[in-house]
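K.L.:
coords please:
(chains A, B, C and D)
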4 protein chains.
Amino acid sequence: MDVFTQAITPSATITGYSLSASEELSTGLRPAVLIFPGGGYQFCSDREAEPVALAYAAEGFNAFVARYAVGQDAPWEQSFNDGQECMQWVRRHARKYGSDPHQIAAVGFSAGGHLAASIATTRGDRPDALVLGYPVTRAEFGPLMGKEILDVVDSVDESTPPTFVFTTQSDGLVPASNTTDLVSALMAHNVPVEAHMYLLGAHGLSLAKAHTANGQAGSTDQAVAQWFQASVTFLRRIFSPFPLEGAAMTWKSYTDTRRVGIDMRVDRLLAVPQARAILQKLAPELLAFVEAHPASAHMSARILFEQAPDLFPEDTIRQVENELTACNR
Amino acid sequence: MDVFTQAITPSATITGYSLSASEELSTGLRPAVLIFPGGGYQFCSDREAEPVALAYAAEGFNAFVARYAVGQDAPWEQSFNDGQECMQWVRRHARKYGSDPHQIAAVGFSAGGHLAASIATTRGDRPDALVLGYPVTRAEFGPLMGKEILDVVDSVDESTPPTFVFTTQSDGLVPASNTTDLVSALMAHNVPVEAHMYLLGAHGLSLAKAHTANGQAGSTDQAVAQWFQASVTFLRRIFSPFPLEGAAMTWKSYTDTRRVGIDMRVDRLLAVPQARAILQKLAPELLAFVEAHPASAHMSARILFEQAPDLFPEDTIRQVENELTACNR
Amino acid sequence: MDVFTQAITPSATITGYSLSASEELSTGLRPAVLIFPGGGYQFCSDREAEPVALAYAAEGFNAFVARYAVGQDAPWEQSFNDGQECMQWVRRHARKYGSDPHQIAAVGFSAGGHLAASIATTRGDRPDALVLGYPVTRAEFGPLMGKEILDVVDSVDESTPPTFVFTTQSDGLVPASNTTDLVSALMAHNVPVEAHMYLLGAHGLSLAKAHTANGQAGSTDQAVAQWFQASVTFLRRIFSPFPLEGAAMTWKSYTDTRRVGIDMRVDRLLAVPQARAILQKLAPELLAFVEAHPASAHMSARILFEQAPDLFPEDTIRQVENELTACNR
Amino acid sequence: MDVFTQAITPSATITGYSLSASEELSTGLRPAVLIFPGGGYQFCSDREAEPVALAYAAEGFNAFVARYAVGQDAPWEQSFNDGQECMQWVRRHARKYGSDPHQIAAVGFSAGGHLAASIATTRGDRPDALVLGYPVTRAEFGPLMGKEILDVVDSVDESTPPTFVFTTQSDGLVPASNTTDLVSALMAHNVPVEAHMYLLGAHGLSLAKAHTANGQAGSTDQAVAQWFQASVTFLRRIFSPFPLEGAAMTWKSYTDTRRVGIDMRVDRLLAVPQARAILQKLAPELLAFVEAHPASAHMSARILFEQAPDLFPEDTIRQVENELTACNR
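P.N.:
Residues are numbered from 1 along each chain as shown, chains lettered A, B, ... in the order given. Down below sits the predicted model:
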């Protein structure tokens, strides 16, 4: 993983958590998240920054944390401009970091949710999906932060990307109506949306787990902590990353290896006279190897063949496979 | 997060994933994991390296990936020595990275599991806990990797640390008996152990998720994928990291805020004449603020007091609290 | 479990699933659910009846399924009256079946959700909590079912009980706005609420699992299937059923049994000369028993004492405990 | 659900929990579990009886609880015979209750696990799968229960069915080696096996949840409580019950409904002049209906067609489908 911090504007930086490429991890282009921590436009909370980035990185996403203009002297437009510039930067540099430029989600919490949602509902480079935690969405909340802010609910349009949002109805700081008003607006504009409003929990839960709670049990909640995996499921459904070939092992495919065939354990094959004769005829080196290395006897003929591709040409393997399979008739 | 690679011996490196410190994340000293990827002592698999490190990092652990001597020219003793040196290095530098020097788990997969377990069962600097995925444990498996290796099962003693181990009974490469033999030995020596042997799944599943499957569905399994959270639960129980003060919100504590008191929403307090009178008498500035900022009316008196500590001395707050509470009698 | 069907009105029955009482299951009074299956007020869907009742029964709830007046000839008022009568019946007979009369949740799906919510928002015997799945809530939907129905959203008041509701935003039959409108009304009236709107899934998912899907994969969804456990968590938080004494085993309490004391395994106690002497002096019968039954050697002294309370008076046990504990000094 | 108790032998009964059949729940033949509660062959524990039956019933299984000969006067052979007779009875009556006669799992706890495993490892009518919780498996444990019992570990053979087993390594009553010895024997005889040994937890946890804890927190454990769903996954993989047709909704199938076509919402179709013209030409009754019932406007053309099959012949529907789809070209 490459972790770096990059200035984007005089008041904005991005900290990138870019996963290492490897031939053993041919995931295709990865989805990415651009995270906007909250903090009432007065600071950028560390509790909603790196821990969230790492949570998505652990699911195979590249993650970027935006730190944007905050404080009494920064007009909201400056924060907004910082957010847009960060969004563009991540998009523009997507391929450089192995990200899919069409699979970039903006993730924001509280005031950072307001910023992420502002970008997602405004003309410009919008994210491909939006994930919001207990967001501020109404302009009327601005003065409480000493700011004049966009009313995100009014700003929602048909181009707003699919949105996942969660909050707690007991949030005592940012009213949960900021979330429900947003959901109603998204639905009115035909925007796909998933929404979770949990019963209990204070404002600012982040991942709602002990390691993001800053030592306060009041910042944890077992029910709310499920939002994170739900958001991953949401993003996976929309983006379909990490394409796979073949099929996971099933009971049927497993039990097939328990019939005479190339996928049966060699020690069991050897207990079947007909199978033993086939191996002796077509692959005597395999028998010699197993005799010399009794610890390999539990492996299948196929696995042993694969260990020594030089000794066993594909033709031989196919013939063994056919003849062994024929034993079952 | 600080990511760095450090030479430990001529043939060993550690890649560290050290979480950023922050006053907002006063987690105390963090637990740490030292990860030994597998690869038959021929290579160190990237599939069992960074993705596993990030999975633990996302749970608040500092993570270190050891890459050790591998290949036909490296005798096993060299790999083992590399492992021990890595273990010592992580312990010695624990505090530097904010780790608890007494909460270091070794995590290893396949041949890397053999290495981790060798360190944990041998005199020297042993890890404080051990997490193994489909490990090699028997000496007889060594020749198949071209090595003469320690028989970890025979090496288990009473000083072996608490151990978590998982495998699949259908593992066609390293027999699951390597796991069950180890478990029996651990139990015979009174070592606390948690063990999971899943029904289905090939060798080398790593996290068993799409993003660690290298494009092969056969390297995923929904049941096996649960090993990771089980291992986190195991380590949390043993290490008890991230101590918390106070209590999570409960239905009772939440409903208490719905009775007249300092934790009630101000708009509801103001609807109770007796409560309104108390606020007018003791905290007229609060009423003025709410009038000026209607969006704050849903906040509790306590939250509003906390926003302006200069205006509201603790004595005032306590008096408001007492008088409001008295209204319920 | 006692399963019975009881006529409540000429057009309504209740099928009860009442858990068996047992001295070994001193759960206290159980919470109960009264389930209203959906079916557009034209029928009562079996998919939302017994399987849901059994799901709650498996969590320790008594469950009752109401079948109410449906069909073109039944005016809505008749269905509503049936619902209220069922509610009263469950309340009145709560103690008879071991239920807590103050812990009765109404659970309803689709049109059954409309009925449950109607009872919960109308003067009369209201449930203590409400659980709704993809409910109809708006009067305007009535004509599509050939009925004139209550507008539940308009009917919400401050006496409406805590409500859990889920739906899918992609519901093509009952618009998800029926759910979001209800949530807004509940919040406006200060009613505690938990709400989940999932991204994908058709109308009528019931438990969203294979065994309730009537053979149609389109009636399953892994994300939506989580609603059920979320609803159990919600009800448990509100009702706090199944009170417990003592504490679950922890790493500390477990490791305490590994120090010399009455909770240590006898074979290990006997390996400590001082401890062996104490047992020989105070509880020679215990030593004799273990000698006669080597399979008991792994049990703790306490467990062995408990097997034979006649042999070991409490005084003896306490003295053993004290003297063994003193060995650790 | 039909709950009944049936005498099987003079000392054995079966309590059946047989799910109701319904045309709306065409699940095919159901899998079944035959549950043997524990109790040291001295009694049959209610904590491991009905609650476990209901847990499986909630997953769509028919469940049967066997109560067998217990107490000092009953030789073990009598308990064993009772177990075999119960097994045969469930098999013979499988179809009567809608169970698949080839999908019957025996489930047993502690001494009941010993009984279930005895039947599964002995010539006779064996279950198709075996699920064991903290079982007694070794003959040497018999005398502690005042019985001479089969050594199940020695009894394992190649005809033993696939087995799921869990225990806790901290079990102070029945040593966890009873489980690990069994697992080793199963593996030696090539029997598919899944095994979970959790770190913490006393003997006799049943479901390890509050409602089965008899008021004792010491009989709960969040980690151990996961065994139940793991056992359901195990049985589902082996039995593949509840076959499904079609596919669950995906992001792609959902977004397809957002393009002009028969699955688009009618209000959106009507906003597209070309689509409106097609509907006016081919299905004027649909337009009339939507005009008369504005609440139906969010439904798709297909759903509306399905509500009135008499009005809309299949030919019409297909033509609408084709012409609407053609609009996208």
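K.L.:
next SSE after the top helix by length along chain A?
P.N.:
Longest helix in chain A, counting residues (DSSP state H): helix A:76-92. Next in sequence after helix A:76-92, counting helices and strands by DSSP states H and E, comes strand A:99-109.
K.L.:
distance between the ends of stretch A:251-265?
P.N.:
17 Å (C-alpha to C-alpha, to the nearest Å).
K.L.:
got the residues of chain A near chain D?
P.N.:
Selection of chain A residues close to chain D by C-beta under 8 Å from any C-beta of the partner chain yields A:190, A:192, A:237-238, A:240, A:250-251, A:254-255, A:258, A:268. For every residue, glycine as well, the C-beta is placed using N, CA and C.
K.L.:
any chance of those residues in JSON lines, plus neighbour count and pLDDT?
P.N.:
Below are the residues of chain A next to chain D laid out as JSON lines (neighbours: other C-beta atoms under 10 Å in any protein chain shown; pLDDT from 0 to 100):
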{"residue": "A:190", "neighbour count": "14", "pLDDT": "94"}
{"residue": "A:192", "neighbour count": "23", "pLDDT": "98"}
{"residue": "A:237", "neighbour count": "20", "pLDDT": "98"}
{"residue": "A:238", "neighbour count": "22", "pLDDT": "98"}
{"residue": "A:240", "neighbour count": "14", "pLDDT": "96"}
{"residue": "A:250", "neighbour count": "12", "pLDDT": "97"}
{"residue": "A:251", "neighbour count": "18", "pLDDT": "97"}
{"residue": "A:254", "neighbour count": "21", "pLDDT": "95"}
{"residue": "A:255", "neighbour count": "13", "pLDDT": "94"}
{"residue": "A:258", "neighbour count": "14", "pLDDT": "90"}
{"residue": "A:268", "neighbour count": "17", "pLDDT": "93"}
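K.L.:
what's the closest of these to residue D:72?
P.N.:
Among these, residue A:251 lies closest to residue D:72 (C-beta to C-beta), at 42.7 Å.
K.L.:
what's the closest one sitting at in phi/psi?
P.N.:
phi -60, psi -40 (degrees, to the nearest 10).
K.L.:
tell me the contacts of it?
P.N.:
Contact partners of residue A:251, counting by C-beta atoms under 8 Å, 6 or more residues apart in numbering or on different chains, are B:199-200, D:237-238, D:240.
K.L.:
mind doing that once more with 7 Å?
P.N.:
Applying C-beta atoms under 7 Å, 6 or more residues apart in numbering or on different chains, we find residue A:251 in contact with B:200, D:237-238.
K.L.:
can I get those in CSV including distance to residue D:104?
P.N.:
What follows is the contacts of residue A:251, written out as CSV (distance: C-beta to C-beta, whole Å):
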residue, distance to residue D:104
B:200, 21
D:237, 16
D:238, 11
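K.L.:
which one of those sits closest to chain C?
P.N.:
Closest approach to chain C among those (C-beta to the nearest C-beta): residue D:237, at 12.7 Å.
K.L.:
can you tell me the SS state at the residue most central in space within chain A?
P.N.:
The centroid of chain A falls nearest to residue A:59 when counting by C-alpha atoms, centre = their mean (4.0 Å). The three-state assignment at residue A:59 reads coil, by DSSP: H, G, I helix; E, B strand; the rest coil.
K.L.:
quick one, phi psi at it?
P.N.:
With angles defined as degrees, to the nearest 10, residue A:59 sits at phi -100, psi 10.
K.L.:
next one: it from residue B:38, what distance?
P.N.:
Separation of residue A:59 from residue B:38 (C-beta to C-beta, to the nearest Å) stands at 22 Å.
K.L.:
just residue A:47 next, same as before
P.N.:
Taken as C-beta to C-beta, the span from residue A:47 to residue B:38 is 35 Å.
K.L.:
could you check which of those two has the larger neighbour count?
P.N.:
residue B:38 (29 against 23; other C-beta atoms under 10 Å in any protein chain shown).
K.L.:
that one sits in which helix or strand?
P.N.:
Residue B:38 belongs to no helix or strand when elements are defined using DSSP H and E.
K.L.:
which bits of the stretch 151-300 of chain A sit near chain B?
P.N.:
Selection of the stretch 151-300 of chain A residues close to chain B by C-beta under 7 Å from any C-beta of the partner chain yields A:170, A:172-173, A:175, A:200-202, A:210-211, A:213-218, A:220-221, A:242-249, A:251, A:254, A:293, A:295-296, A:298-300.
K.L.:
and the residues you listed, which of them are buried?
P.N.:
Among these, those buried by neighbour count (16 or more other C-beta atoms under 10 Å in any protein chain shown) are A:170, A:172-173, A:175, A:200-202, A:210-211, A:213-214, A:218, A:220-221, A:242, A:248-249, A:251, A:254, A:293, A:295-296, A:298-300.
K.L.:
which ones among those residues are found in strands?
P.N.:
Per DSSP state E, strands hold no members of those.
K.L.:
okay, and which of those residues map to helices?
P.N.:
A:251, A:254.
K.L.:
so where do the strands sit in chain A?
P.N.:
Under DSSP E, chain A gives strands at A:2-9, A:12-18, A:30-36, A:62-67, A:99-109, A:129-133, A:163-168, A:193-198.
K.L.:
which residues touch the shortest one?
P.N.:
Outside of strand A:129-133, the residues within contact range by C-beta under 7 Å, 6+ apart are A:105-109, A:113, A:116-117, A:120, A:161-166, A:231, A:235, A:238.
K.L.:
okay, the angle between that strand and strand A:99-109?
P.N.:
For strand A:129-133 against strand A:99-109, the angle by axes from the mean of the first three to the mean of the last three C-alpha atoms, to 10 degrees is 20 degrees.
K.L.:
any idea how far strand A:129-133 is from the middle of the chain?
P.N.:
For strand A:129-133, the separation from the chain centroid amounts to 13 Å (computed by C-alpha atoms, centre = their mean, to the nearest Å).
K.L.:
swap in the second one?
P.N.:
Strand A:12-18 has its C-alpha centroid displaced from the chain centroid by 17 Å (C-alpha atoms, centre = their mean).
K.L.:
hmm, who's touching that strand?
P.N.:
A:1-8, A:53-54, A:57, A:62-69, A:82, A:85-86, A:89, A:97, B:1.
K.L.:
going by neighbour count, which of these are buried?
P.N.:
Buried residues within the contacts of strand A:12-18, counting neighbours by 16+ other C-beta under 10 Å: A:1, A:3, A:8, A:53-54, A:57, A:62-69, A:82, A:85-86, A:89, A:97, B:1.
K.L.:
where does the stretch 51-200 of chain A have low pLDDT?
P.N.:
Counting by pLDDT under 70, not a single residue of the stretch 51-200 of chain A qualifies.
K.L.:
for it, which residue gets nearest to chain B?
P.N.:
Here the residue of the stretch 51-200 of chain A nearest chain B is residue A:60; by C-beta to the nearest C-beta that distance is 2.9 Å.
K.L.:
and chain C, which of the buried ones among the contacts of strand A:12-18 reach it?
P.N.:
Among the buried ones among the contacts of strand A:12-18, chain C is touched by none when using C-beta under 7 Å from any C-beta.
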